[in-house]
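A.B. asks: Compute the structure for the input listed below.
(one chain, ligands or ions: 1)
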Amino acid sequence: MKKPTLVNHPPETTPPQGNQPVIAPIYQSVKYEFESIDDTLRMLRGETPGYFYMRASNPTTRQLELTLAQLQGRDDCLATASGVNAIAQTLISLTRSGDHILYFIETYGPTRNIIRRLLARFGVEHTMVSIEDLAAIENVLATRPTRLVVFESPTNPITKVADIERIVELAHRHGALAVLDNTFAGFHQHGEYGVDVFVHSLTKYASGTGDVMGGAVIARQELIEGMRADFSVLGALLDPHAAFLIQRGLKTYFVRYREQTRAAMRIAEHLEAHPAVARVHYPGLASHPQADLARKQMRDAGTVVSFDLKNGSEAARRFSESLELFALTASLGSTESLVMPPQLVGSRDFTPEQARQSGIGPGTVRLSIGLEDIDDLIADIDQALG
Ligand SMILES: Cc1ncc(COP(=O)(O)O)c(C=O)c1O
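C.D. replies: Residues are numbered from 1 along each chain as shown. Down below sits the predicted model:
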């Protein structure tokens, strides 16, 4: 073998049988070969297990998919390049021209845009109501054949708690599928409800470190099989290196989620007692308008705490810019604390009535609580409120 050949066919160092790595390696290979054409064809026809091309599947991403499916309590999972991609591909795959989607004022902005702009261009229709208005939800479903009900709980940034059992029951009674973006609640919550499809941003709690993007769609086999064919031609399977980092992050998922929730609860209580604060939005607080529903539905109330400052947007701007330990930026669920001021959380596309129903006010600030020392975070909040 000459040297230019050698560098393309390096020596094999695969560990022998009975001597396996404790941590699965990153399978950073686009292609997987078979010994024969017949073996290749058998695998491509689904008669034997295996891998062929990274865009369709790879062992590292597959390990993450199987882990997430079990965490969320469903048959299978498709991992994608981002949370928004998971949502977009799911909605594209599950609808056709003439279908109708019910979604909400409280729905994550980019999801609203996918429904309002992208899918509308392909003839998919939509109705938007408030997640709090069960009568309107029932009325829309009773009067319009609906393919999907797309919702979140808790919602961003006001942490409204959707009545999952009731919404799923209404969706099913009227022949619709219930799609829940479960990013805020995490993989260990809501699995016991009859949600048809869970979508998640893996960019948040899954890795926890805020240095990698990903998304996941988790559902029963029959739905995943239908979506798998569409997803593979849309071509945004999660890259194995990102999958490895997310799988690594998941090891500390439960410890992080619970510890960050504990800190979020203390901060929510602290804010509630502060004279500059008009109102705190956190599902763990007894003052939350759906505290009973939150207690019934959620094991952990989550790590996002929002609140309204009495003195409106200028106070919120000064508060957000005065914080030292909270990064002024997007996202949530990472180990470092983050702040989103009202200038960045509001929606420009709402009518005044929709803006009122959204609950986002001029002084609404969203905090994502990280893993720093709680006393340090509270001291930082106090100095910024001061
Ligand atoms: C509820 C929710 N869903 C989806 C996403 C999108 O995730 P990604 O940033 O991974 O595309 C976000 C991001 O903030 C989110 O908050």
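
A.B. asks: now the residue nearest to Leu71 when sequence neighbours are not counted, what's its secondary structure?
C.D. replies: Sequence neighbours aside, Phe187 is the residue nearest to Leu71 in space, at 3.9 Å (criterion: Cβ to Cβ, 6 or more residues apart in numbering). Glycine gets a C-beta too; all of them are placed from N, C-alpha and C. The three-state label for Phe187, taken from DSSP: H, G, I helix; E, B strand; the rest coil, comes out as coil.

A.B. asks: Return the residues in contact with Phe187.
C.D. replies: Leu68, Leu71, Gln72, His200, Tyr205, Ala206, Tyr253 (Cβ atoms under 8 Å, 6 or more residues apart in numbering).

A.B. asks: out of these, who's nearest Leu323?
C.D. replies: Tyr205 (21.7 Å; Cβ to Cβ).

A.B. asks: Remind me what the lowest-mean-pLDDT helix or strand in the chain packs against, helices and strands.
C.D. replies: Here the helix or strand of the chain ranked lowest by mean pLDDT, DSSP states H and E is helix 342-345, holding a mean of 83. Applying 3 or more Cβ pairs under 8 Å, 6 or more residues apart in numbering; DSSP states H and E, one finds that helix 342-345 contacts helix 312-322, strand 364-368.

A.B. asks: Closest one to the ligand out of the contacts of Phe187, please.
C.D. replies: When the contacts of Phe187 are compared for distance to the ligand (Cβ to the nearest ligand atom), His200 comes out closest, at 7.6 Å.

A.B. asks: Next, count neighbours for the closest one.
C.D. replies: 30 (other Cβ atoms under 10 Å).

A.B. asks: With His174 as the reference, measure out to it.
C.D. replies: 26 Å (Cβ to Cβ, to the nearest Å).

A.B. asks: What are the phi and psi values at the residue in the chain that the ligand sits nearest to?
C.D. replies: Residue nearest to the ligand within the chain: Gly83 (2.4 Å; Cβ to the nearest ligand atom). With angles defined as degrees, to the nearest 10, Gly83 sits at phi -60, psi -40.

A.B. asks: you'd agree it is up against Tyr205?
C.D. replies: No: the pair Gly83 / Tyr205 is not scored as a contact, 11.1 Å apart, by Cβ atoms under 8 Å.

A.B. asks: quick check: mean pLDDT across the longest helix seen in the chain?
C.D. replies: Longest helix of the chain, by residue count under DSSP state H: helix 253-272. Across helix 253-272, pLDDT averages out at 98.

A.B. asks: so it versus strand 364-368, what angle?
C.D. replies: 150 degrees (axes from the mean of the first three to the mean of the last three Cα atoms, to 10 degrees).

A.B. asks: From the contact counts, what lies against helix 253-272?
C.D. replies: Against helix 253-272 (3+ Cβ pairs under 8 Å, 6+ apart) you get strand 277-281, strand 304-309, helix 374-385.

A.B. asks: want to throw these into JSON lines with mean pLDDT?
C.D. replies: Output for the helices and strands packed on helix 253-272, formatted as JSON lines (pLDDT from 0 to 100):
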{"stretch": "strand 277-281", "mean pLDDT": "98"}
{"stretch": "strand 304-309", "mean pLDDT": "98"}
{"stretch": "helix 374-385", "mean pLDDT": "98"}
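
A.B. asks: Leaving out the residues flanking it, which one is nearest to Ala136?
C.D. replies: Val129 (4.1 Å).

A.B. asks: and if you look at Gly346?
C.D. replies: Ile360 (5.4 Å).

A.B. asks: quick one, what contacts the one you found?
C.D. replies: Counted by Cβ under 8 Å, 6+ apart, Ile360 has contacts Pro157, Ile158, Pro342, Val345, Gly346, Ser347.

A.B. asks: Mark which of those are buried, thanks.
C.D. replies: Applying 16 or more other Cβ atoms under 10 Å to the contacts of Ile360, the neighbour count classes Pro157, Ile158, Pro342, Val345, Gly346 as buried.

A.B. asks: wait, doesn't the fourth one sit right on Thr155?
C.D. replies: The reference is to Val345. No: using Cβ under 8 Å, Val345 is not in contact with Thr155; the gap is 11.7 Å.

A.B. asks: Need phi/psi at Pro25.
C.D. replies: phi -70, psi 160.

A.B. asks: what sits against it?
C.D. replies: Going by Cβ under 8 Å, 6+ apart, the list of residues near Pro25 reads Thr60.

A.B. asks: mind checking how far it is from Val7?
C.D. replies: Taken as Cβ to Cβ, the span from Pro25 to Val7 is 21 Å.

A.B. asks: ditto for Val179
C.D. replies: Counting by Cβ to Cβ, the gap from Val179 to Val7 is 48 Å.
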